[in-house]
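Visitor: Here is my input; please provide its structure:
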Amino acid sequence: MGGNDVDPVAYAQALGASAARLGRGLHWALNDRKRHFHAFLHRKHLSNVLFVGITGSAGKTSTKDFATRVLSTLGECQCSDRSGNEHSRVEETVLSTRREHRFCVVEMSASEPDYLNRSIRVVRPRIAVLTVVALEHFSAFRSIDAIAAEKRKLIDALPPGGVAVLNRDDPQVRAIGESRAGPTIWVGRDEGATVRLIDAQSAWPAPLTLVVEFEGKRYELITRLHGMQLVTSLLCALGVGLAADVRIDDALEALGGATNSPGRMQVETLEDGVTFVRDDFKAPQWSLQAPLDFLREAHARRKVAVIGTISDTPNEPARRYAKAARAALEVADLVLLVGPHTISTERANRIRSDGSLRLYPSTRDAAAFLRSELRSGDVVLLKGTNKADHLVRILLDRRKAVQCWESSCRKIMFCDECPRAWTPVSEFAGPTAPATARTPASTATGSAPRPGSATIVVGLGNPGDRYRHTVHNVGQLVLDRLAERTGASWATGRHGLEARLSIDGSPAILLKLDQPMNCSGNGLSAYLEECGYQASDCIVVLDDADLPLGRARVKRNGGDAGHKGMRSILQALSTDVIRRVRVGVRGRGEGQQASEFVLSRTDTRDDTILAAGLATAERLTLELMTERSQHEIASAR
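Guide: Below is the predicted model:
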């Protein structure tokens, strides 16, 4: 069969797989519209229920939980489940609300422009809360003003007589409130606050204690909570209570019994005397300081900070994690940076070289070290992004040996809610490997290949003909050139298209994953596990907006440089020692948003320049493959 022939069986299988995906997508879309329509109609029959909508860059879940406790003093209150704030969860909350409920408190996400519109259309709140505006979801909005404009939609949607509960200490929130004419309950330290914070203290093991002032009278609130970052949520919950005519004494009594929401400054002391402080649901850079301040004030034998993935910030990984390391070392006796990003913190070695900073490529490695390191009286802060790190497994593993150390499942739920956590199945847990710490200065820049293994060349891109000639798919275009040069034929495999070839007598596989770009890590991880390959066997070819159009460069390790496909791979494989060939695309799409630019087509006036970059990338990829095959030949001797 020639290089351009089509295998009819493989073609039929590919058509069947495409039809199945289309069918699943269509089924999901129809169900999604149906749920939205039903929730919209159901809301019309709930005019007797007072709906409360809560949004903000932080504190939504805690505010929702605290407000629910306060409102429950007057009657039955429905609320969002856990941190369910996306469209489907908002609509499920509305659909589960009955006429006998007196209140319904709904947490609402604003993760991208216009995302709030749909939730507002269904909920139509009479009380709206805005906690804080910060650089959350930066890649979607690109500025704090754009984030504020999205969140103010909830306030603007209030009906006549609807009440806004706003944080007066936040300048963006304050500007939103001062521009509105309707009734507003202000909370915060500012003198103009309706519920004014006079004092707050939180020094472990003492609980968070507040003194607030309302209508000229002062009240003390002694909580069962820990962490100053919960103050705003408590104040907003008091504001919601006042807006719903709850007596302030009753509201304070209800909040006195409140407990932390999971993963939000949740404190747990184990039988061995080690105390964990879990602030591990998410970790944008701006949110790190508050839990570190808590650690600074804590009274403990030793203070340990474990920092995982810092999410969605404008800083490059090297600066992001070096900054986090510096801040943590100021307050903690021992700092662990955990995840594939750790190698990018090489500069952190200049801060401290006495062993107080340790870098681990995965949560499993960090847990193995801490298993014998921690002692009674230690206070350990876990700060990370749950769906990327699942840092809670460090705590769980001290109770009972965790079996699942998957790093790419992307589940939002915490691991103690997942049946896989303690399921001793090899496909879940994978082989046991000893934990190894490294300091930035001593990190290896590569791994020797295993004799007899194949080189896996992965071209990043989105599947489907509509994306074939887009900027984001230049990695796959390089693979097309390699296949044509070597006469290799493409065939459909379980995880995408494969083309097998030989370089200097050593086997190699070209791989186009059948996964969206941003989920590349899932597909590659599964492929390597099934076929018995390792991260060191891989070469990744990808587009790079930091390189000029027509240039190509080799990179052997380091961070993702903002490329979400590469980020997915580094997280899934728990290492950043992966060879990659970067193809420059800078100069295309000036003035466009990144999401528009990377999906623009390549057949423009710049085609000749881009072709030069593809040719260079093809040459560099071949050189990396040849370099590996020569190493294998030498090893065999």
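Visitor: could you point out which element follows the helix or strand bottoming out on mean pLDDT in the chain?
Guide: Scoring the helices and strands of the chain by mean pLDDT, DSSP states H and E places helix 426-429 at the bottom, with a mean of 38. Following helix 426-429 in sequence order, the next helix or strand is strand 455-459 (DSSP states H and E).
Visitor: name the helices or strands packed onto that following strand?
Guide: Helices and strands touching strand 455-459, by 3 or more CB pairs under 8 Å, 6 or more residues apart in numbering; DSSP states H and E, are helix 474-486, strand 506-513, helix 520-531, strand 538-548, helix 607-636. (Each C-beta comes from the backbone N, C-alpha and C, glycine too.)
Visitor: Just the CA trace of it, in CSV.
Guide: Extracted C-alpha coordinates of strand 455-459, given in CSV (Å, rounded to 0.1, in the frame of the first residue of the first chain):
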residue,chain,number,x,y,z
THR,A,455,11.2,7.8,20.1
ILE,A,456,7.7,9.2,20.3
VAL,A,457,7.3,12.5,18.4
VAL,A,458,4.1,14.3,19.4
GLY,A,459,2.8,17.1,17.2
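Visitor: So what touches that strand?
Guide: The contact list for strand 455-459 (CB atoms under 8 Å, 6 or more residues apart in numbering) reads 449, 473, 475-479, 482, 503, 506-513, 520, 524, 527-528, 533, 537-542, 569, 621, 624-625, 628-629.
Visitor: Sheet-wise, list the partners of that strand with their directions.
Guide: Next to strand 455-459 in the sheet, as set by DSSP bridges, lie strand 506-513 (parallel), strand 538-548 (parallel).
Visitor: What remains of the contacts of strand 455-459 if I keep only buried residues?
Guide: Among these, the ones that count as buried by 16 or more other CB atoms under 10 Å are 449, 473, 475-479, 482, 503, 506, 508-513, 520, 524, 527-528, 533, 537-542, 569, 621, 624-625, 628-629.
Visitor: Would you mind listing where the chain has pLDDT under the threshold?
Guide: Along the chain, the parts satisfying pLDDT under 70 run over 1-30, 137-139, 312-318, 342-353, 407-410, 423-453, 587-608, 628-637.
Visitor: Would you convert the helices and strands packed on strand 455-459 into TSV that also reports distance to Ala305?
Guide: Putting the helices and strands packed on strand 455-459 into TSV (distance: least, CB to CB, whole Å) gives the following:
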stretch	distance to Ala305
helix 474-486	37
strand 506-513	36
helix 520-531	26
strand 538-548	31
helix 607-636	38
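Visitor: Pull the number of nearby residues for Glu92.
Guide: For Glu92, the neighbour count with other CB atoms under 10 Å is 15.
Visitor: Give the helix, strand or coil label for it.
Guide: helix (DSSP: H, G, I helix; E, B strand; the rest coil).
Visitor: Can you verify my assumption that it contacts Asn85?
Guide: No: proximity of Glu92 to Asn85 does not meet the contact threshold set by CB atoms under 8 Å, at 11.3 Å.
Visitor: excluding its backbone neighbours, what's nearest Tyr533?
Guide: In this structure, Tyr533 finds its nearest non-sequential neighbour in Ile456, 5.8 Å apart by CB to CB, 6 or more residues apart in numbering.
Visitor: burial measure for the one you found, as a count.
Guide: Counted with other CB under 10 Å, Ile456 comes out at 22.
Visitor: same check, this time on Asp416
Guide: 14.
Visitor: give the contact list for it.
Guide: Here Asp416 is in contact with Val392, Leu396 (criterion: CB under 8 Å, 6+ apart).
Visitor: so how far is Thr309 from it?
Guide: From Asp416 across to Thr309, the span is 19 Å (CB to CB, to the nearest Å).
Visitor: go on, Leu74?
Guide: When distance is defined by CB to CB, Leu74 is 41 Å away from Thr309.
Visitor: neighbour count winner among these two?
Guide: Higher neighbour count among Leu74 and Thr309: Thr309, with 23 against 16, using other CB under 10 Å.
Visitor: Assumed that one was part of a helix.
Guide: No: assigned with three-state DSSP, Thr309 falls outside any helix and is coil.
Visitor: Run the chain-centre distance for the helix or strand containing Leu295.
Guide: Using DSSP H and E, Leu295 sits within helix 289-297. Chain-centre distance of helix 289-297: 22 Å, with CA atoms, centre = their mean, to the nearest Å.
Visitor: ok, now stretch 190-207?
Guide: With CA atoms, centre = their mean as the basis, stretch 190-207 stands 30 Å off its chain's centre.
Visitor: Check stretch 326-334 too.
Guide: The answer for stretch 326-334 is 23 Å, by CA atoms, centre = their mean.
Visitor: contact partners of it?
Guide: The contact list for stretch 326-334, computed with CB under 8 Å, 6+ apart, reads 288-289, 292-293, 295-296, 302-305, 307, 335, 348, 351-352, 356-358, 373, 381.
Visitor: likewise stretch 215-231?
Guide: Identification of contacts with stretch 215-231 by CB under 8 Å, 6+ apart yields 58-59, 62, 197-198, 200, 202, 204, 207-213, 234, 248-249, 252, 255-260, 264-265, 267, 277, 279, 287, 290-291, 293-294.
Visitor: Among those, which lie within strands?
Guide: Leu197, Ile198, Ala200, Thr209, Leu210, Val211, Val212, Glu213, Val267, Val277, Asp279 (DSSP state E).
Visitor: Run a quick neighbour tally on the first one.
Guide: Close neighbours of Leu197, defined as other CB under 10 Å, add up to 20.
Visitor: Could I get the buried residue list for stretch 389-408?
Guide: Buried residues in stretch 389-408, counted by 16+ other CB under 10 Å: 389-398, 402-408.
Visitor: swap in stretch 149-166?
Guide: In terms of neighbour count (16+ other CB under 10 Å), stretch 149-166 has its buried residues at 149-155, 157-158, 162-166.
Visitor: out of these, who's nearest Ala488?
Guide: For the buried residues of stretch 149-166, the closest approach to Ala488 (CB to CB) belongs to Glu150, at 47.7 Å.
Visitor: Might you report the residue contacts of the closest one?
Guide: Counted by CB under 8 Å, 6+ apart, Glu150 has contacts Ala110, Pro113, Asp114, Tyr115, Leu116, Phe141.
Visitor: For PyMOL, write the selection for the buried entries among these.
Guide: Selection of the buried residues among these in PyMOL, burial being defined by 16+ other CB under 10 Å:
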select buried, resi 110+113+115+116+141
